[in-house]
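> need a structure here:
(2 chains)
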Amino acid sequence: MTHRQIEQLQGFYLTNRQALFTYALSLTKHRESAEDLLQDVLAKLLQQTRLPKELRPYVYRMVRNRAIDEFRRKDVTTTTLFDLERLPEDSPDKDLWPVLEQGLNALEENIREVIVLKNLDGLRFREIADILDKPIGTITTWHRRGLERLNDLLTQESIL
Amino acid sequence: MKKVEKLLNNSPLTRPSQELDQNAEALFDQALSNSRNNWFEFRVPAWGAIAACIACLFLGRLWVPEPQVQKVTNPPPVLVSETQQPSPVPVKSEPEVFVQIIRHAAPKQTSPFNRQNNSSYHRFSTSWSVTQ
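Reported below is the predicted structural model:
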């Protein structure tokens, strides 16, 4: 890889590290695993001779494949996606986030992935379709279904 | 639905640790220093290969193949016995004639204004004569 491409990748990492970490965490449900996964992906990317034009879906796909291959553990201490310590003590939403996380975890895996990629990482539907290798119509349907279920859950818990 | 979406979009996400950033930075630094070394490792042999190609082409133009000399061995001499008749000598029945062929080249037409003949057929014709 050329000097310029490495710098390009570094810029990409600095811009997207939070989003990539969130996605990795949603897949592994474990902080150390998510961080190890990201490091592995970075090391693998740096070993490549050239970078693809569409870098973001490519890196997300690498994270996903790596998580499926090695980092998916069933019985580990889970790390939550939402950090409640970041919220102020007197925040009215304190009770909301654990319920929302519970709702996210209760969703089917593909629907949860779409919600995480779209609403937490801010990816476009086209990119998500590319990462998950599904038609864009399927992705939008899953997204709508996921939001409906979360909405139902929050209404049921009388949070919304 | 909109409320849920708004909540998710502004969620307090768990942040990656400082260690991840440090490790990533180390990885990038190492890759950058390797790429600098690779630059020299690639460029120098590349220019060397190009110079070698040019030298080969130049030397190839100068090179002339040496004629290969084959050793000629004479056939063993044939002994003619006294009883054998020598082979007959061919009799010259006709006199030798020497013929000289002279080519008379057509005069060059330097300008189209002082042409002798306009015919295109005669323009490039040459004449031949035979003398004995």
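
> which residues in the chain form helices?
Since you didn't name a chain, this refers to chain A. Ranges of helices within chain A are A:3-28, A:31-47, A:55-66, A:96-106, A:109-115, A:125-132, A:136-156, based on DSSP state H.

> The chain in question should be chain B.
B:2-9, B:18-62, B:120-123.

> Would you mind listing what in chain B touches chain A?
Residues of chain B that fall close to chain A, judged by C-beta under 8 Å from any C-beta of the partner chain: B:1, B:3-5, B:7-9, B:11-17, B:19-21, B:23-24, B:27-28, B:31-32, B:35-36, B:39. Bear in mind the C-beta positions are built from the backbone N, C-alpha and C, glycine included.

> Among the residues you listed, name the buried ones.
B:4-5, B:7-8, B:11, B:13-14, B:16, B:20, B:23-24, B:27-28, B:31, B:35 (16 or more other C-beta atoms under 10 Å in any protein chain shown).

> Tell me which two of these sit farthest apart.
B:4 and B:35 (45.3 Å; C-beta to C-beta).

> pretty sure residue A:113 is in contact with residue A:132, am I right?
Yes - assessed by C-beta atoms under 8 Å, residue A:113 is found in contact with residue A:132 at 6.6 Å.

> Those two: which is more packed in?
It is residue A:113, of residue A:113 and residue A:132, that has more neighbours when counted by other C-beta atoms under 10 Å in any protein chain shown, with 22 against 19.

> Output the lowest mean pLDDT helix or strand found in chain B.
helix B:120-123 (a mean of 51; mean pLDDT, DSSP states H and E).

> Phi and psi next, for the closest residue to residue A:86 other than its chain neighbours.
Leaving aside its chain neighbours, residue A:86 sits nearest to residue B:12 (4.1 Å; criterion: C-beta to C-beta, 6 or more residues apart in numbering or on different chains). Backbone torsions for residue B:12, taken as degrees, to the nearest 10, come to phi -80, psi 90.

> ok, residue B:12 to residue B:18 distance?
Applying C-beta to C-beta, to the nearest Å, the value for residue B:12 to residue B:18 is 18 Å.

> Need the contact partners of stretch A:10-18.
A:20, A:38, A:42, A:55-56, A:59, B:13, B:15-16, B:20-21, B:24, B:28 (C-beta atoms under 8 Å, 6 or more residues apart in numbering or on different chains).

> Just the CA atoms from that stretch would do, formatted as PDB, please.
Included here for stretch A:10-18 are C-alpha records, laid out as PDB according to Å, rounded to 0.1, in the frame of the first residue of the first chain:
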ATOM      1  CA  GLN A  10      -5.900   6.600   8.800                       C
ATOM      2  CA  GLY A  11      -8.200   9.500   8.100                       C
ATOM      3  CA  PHE A  12     -11.000   7.100   7.500                       C
ATOM      4  CA  TYR A  13     -10.300   5.400  10.800                       C
ATOM      5  CA  LEU A  14     -10.300   8.600  12.800                       C
ATOM      6  CA  THR A  15     -13.600   9.700  11.200                       C
ATOM      7  CA  ASN A  16     -15.400   6.400  11.600                       C
ATOM      8  CA  ARG A  17     -13.800   4.700  14.700                       C
ATOM      9  CA  GLN A  18     -16.800   5.400  16.900                       C
END
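
> from the contacts of stretch A:10-18, which two are the most distant?
Checking the contacts of stretch A:10-18 with C-beta to C-beta, the most distant pair is B:13 and B:28, at 23.3 Å.
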